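Visitor: Fold the following for me, if possible:
(2 chains, ligands or ions: 1)
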Amino acid sequence: MTTTSEKPAENGVNVEALLNARDALGETPEAGKFMWRATNEWLHGTHSRSSVTGYFGLGEEHPHKSTFGFESDHPLVFAAEDNAATPVEIVLVGLASCLTAGVAAVAQNRDIQLRSVKATVEGDMDIQGILGADPDVRNGFSGIRVKYDIDADATPDEIEALVAQSQKRSAVFDILTNPTNVTVVVG
Amino acid sequence: MRTTTVVVGAGHAGLAVSHYLTASSIDHVLIERGEVANSWRTERWESLRLLTPNWQARVPGFAYDGDDPDGFMDMTEVVTFIERYARLVAPSLQPHTTVESVRRNGTGYQVVTDRGVWHATTVVLATGGCNIPKVPPFAADLPGFVTSFTPMQYTKPSALPDGGVLVVGASASGVQIAEEVHGSGRPVTLAVGEHVRMPRTYRGKDILWWMDQTGLHDERYDEIDDIGRARRVPAPQLVGKPERTTLDLNALTDQGVRLVGRLVGIADGKALFSGSLRNKCTLADLKLGRLLDTIDEWVGSNGLDGQVGPVQRFAPTRVEESPPLVLDLAKGGIGTVIWATGFEPDHSWLHVPVLDRKGRLCHDGGVVSGSPGLYRIGLNFLRRRKSSFIHGTGDDACDLVGHLAARVGARPPDRPG
Ligand SMILES: Cc1cc2nc3c(=O)[nH]c(=O)nc-3n(C[C@H](O)[C@H](O)[C@H](O)COP(=O)(O)OP(=O)(O)OC[C@H]3O[C@@H](n4cnc5c(N)ncnc54)[C@H](O)[C@@H]3O)c2cc1C
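Guide: Reported below is the predicted structural model:
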């Protein structure tokens, strides 16, 4: 717990709303069932475009404020055009964004004022897997490292605890560390 | 048969309740499916000793009086301790009587047993907090050559098949069983999820002595931020051994136990572990650090710095660079899985609408919500952090019998001084 600040921390996260939502879900757990969606369309070569327009949750459909677009491609060394980030880099982006959002929320809840939060993410991959060159090598990352540099009104242990708690509550951290059933069909 | 209060369960908690009911002159009967201390007689493994020291074995009106206050009771000693307490309390006991149903009946309750029906104004459920071992549903996916044990089925290492053993869960039961099984020459892999790390002693005193002294054990359920979470905190990684050794993950690693992440599934004969091991260990290390800070602050503010041992900090939990995520049970020589994945109370016979959607009892510090006259004792953090410990029962029993006494128009028991 911080004792330094007289004025409450303001990191721009509405923690009260989140805590209220958690209490409300205790009574109506069904409202907690969300479905997130994205669509993707092939452009050319390995280049494709995805969009995210809305999601389902709290018992109803919600449009995003606008349609968000994401492009993805493969890099030049794969003999592609490098029009956009690779899909695996987008996964790293997802992890970092999720953890950073968590750091801000946990800091707000613990009344810790953040000044800057920077993350660097590295994912190791042996491409013998995706090339089918060695069946013992997996396609995906063999390991991911995230390094946080955080400037905040808190002790080093408190900062470490923020990052640890953020991992504990992170959806993308869970997605990457635990298996998920994935079903792909052709319509 | 009619009585004012039926108490179900003759563990130390039911006996403590009976002690206070007698003090308040409330007519009651204590119903027990086995004998006094049934759980300790029938549901524990052979080598188990309490993880709470003897000096902490105290219940209302009775306390350990032997010559080894810093020792830890084995199961025979615990049973003897509770039997002696039962002789002192001298309840009206109905042993070998199983409660099959409790339902509301007008303003009171009907308690159906396999040996007759009781009608009572009030009922206290002292049936234990650890009745059913929790086993994840994917245990059903284990290949046929693997034998599964819960801690209640586990007796001793030599009763296990030879070969490797996967122990799932690294709380008190898991680390104790892992150490014992590994020591028997059956190599242990330990799947580690959320856990509570504690050294056996700190600054020369037992860690549980500090929990008592600093008031942490007395923290109340209505003073704490997130009681739902606090009630789910698993038992600390402690073991009661004469040498007072610490049994944290580093100690197990030193003995050759292999640590892996939380077990998250079984597929095609392979165990799948989470990649979150490092964070689970960091969380536990940081939490331990905060506990030691609290103790140090307490020592400082009570001016005891010269009188206890020096401040200590413990090495962070060692986690290998890339812990395995997949273990092929056949190739890895694993013939046994022990599910040390926690316990839960059994309320299946409670036919009163007081359970939430997950089957958990709704109560306010043991006063069951929405069903006046029904009480529960002996759950994690029921009223205080110490509630699930033997020495935590007394205060809870006194509070609850006080509440119950008001309901039946009796004098509340005096709080021991
Ligand atoms: C492995 C393990 C180790 C523990 N070690 C310690 C320790 O070192 N120190 C400590 O302080 N605490 C320890 N505890 C926690 C706690 O002290 C014990 O769980 C203790 O047994 C709880 O006492 P109780 O009286 O609440 O319940 P129990 O001792 O479980 O007593 C409940 C009684 O109710 C009876 N019963 C249940 N259902 C019915 C029914 N339907 N009809 C009739 N009778 C019924 C049971 O037979 C039992 O005798 C440990 C718990 C476990 C599981």
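
Visitor: okay, and for the stretch 51-200 of chain B, where does confidence drop off?
Guide: Within the stretch 51-200 of chain B, no range satisfies pLDDT under 70.

Visitor: which stretches of it form strands?
Guide: For the stretch 51-200 of chain B, the strands defined by DSSP state E, counting those that start in this stretch occupy B:58-59, B:62-63, B:93-94, B:99-105, B:108-113, B:116-125, B:132-133, B:147-149, B:164-168, B:188-192.

Visitor: Next, the angle from the helix or strand hosting residue B:293 to strand B:188-192.
Guide: Assigned by DSSP states H and E, residue B:293 belongs to helix B:277-301. Angle, helix B:277-301 to strand B:188-192, by axes from the mean of the first three to the mean of the last three C-alpha atoms, to 10 degrees: 70 degrees.

Visitor: strands paired with the helix or strand following helix B:277-301, and their directions?
Guide: Beyond helix B:277-301 on the C-terminal side, the first helix or strand identified by DSSP H and E is strand B:326-328. Applying DSSP bridges, strand B:326-328 is found paired with strand B:270-273 (antiparallel).

Visitor: For the partner strand, which outside residues touch it?
Guide: Residues outside strand B:270-273 that contact it (C-beta atoms under 8 Å, 6 or more residues apart in numbering or on different chains): A:179, B:166, B:191, B:260-266, B:323-329, B:334. The way it works is simple: take the backbone N, C-alpha and C, and place the C-beta from them, glycine included.

Visitor: Pull the number of nearby residues for the closest residue to chain B within chain A.
Guide: Chain A approaches chain B most closely through residue A:177 (3.6 Å), counting by C-beta to the nearest C-beta. When counting by other C-beta atoms under 10 Å in any protein chain shown, one arrives at 21 neighbours for residue A:177.

Visitor: contacting residues around it?
Guide: B:261, B:274-276.

Visitor: Would you list the phi and psi of it?
Guide: For residue A:177, the backbone dihedrals (degrees, to the nearest 10) come out as phi -100, psi -20.

Visitor: Skipping adjacent residues, who's closest to it in space?
Guide: Nearest residue to residue A:177, sequence neighbours excluded (C-beta to C-beta, 6 or more residues apart in numbering or on different chains): residue B:275, at 3.6 Å.

Visitor: and that neighbour, what does it touch?
Guide: Counting by C-beta under 8 Å, 6+ apart, residue B:275 makes contact with A:176-178, B:261, B:323, B:325.

Visitor: who wins for neighbours among these?
Guide: Neighbour max across the contacts of residue B:275 (other C-beta under 10 Å) = residue B:261, 24 neighbours.

Visitor: That one contacts residue B:191, correct?
Guide: Yes. With contacts counted by C-beta atoms under 8 Å, residue B:261 reaches residue B:191, the gap being 6.8 Å.

Visitor: So residue B:288 sits against residue B:202, correct?
Guide: No. In this structure, residue B:288 is not within contact of residue B:202 by C-beta under 8 Å, at 9.8 Å.

Visitor: How about stretch B:175-185 and the ligand, any contact?
Guide: No. Between stretch B:175-185 and the ligand, judged by C-beta under 6 Å from any ligand atom, nothing touches; the nearest distance is 8.4 Å.
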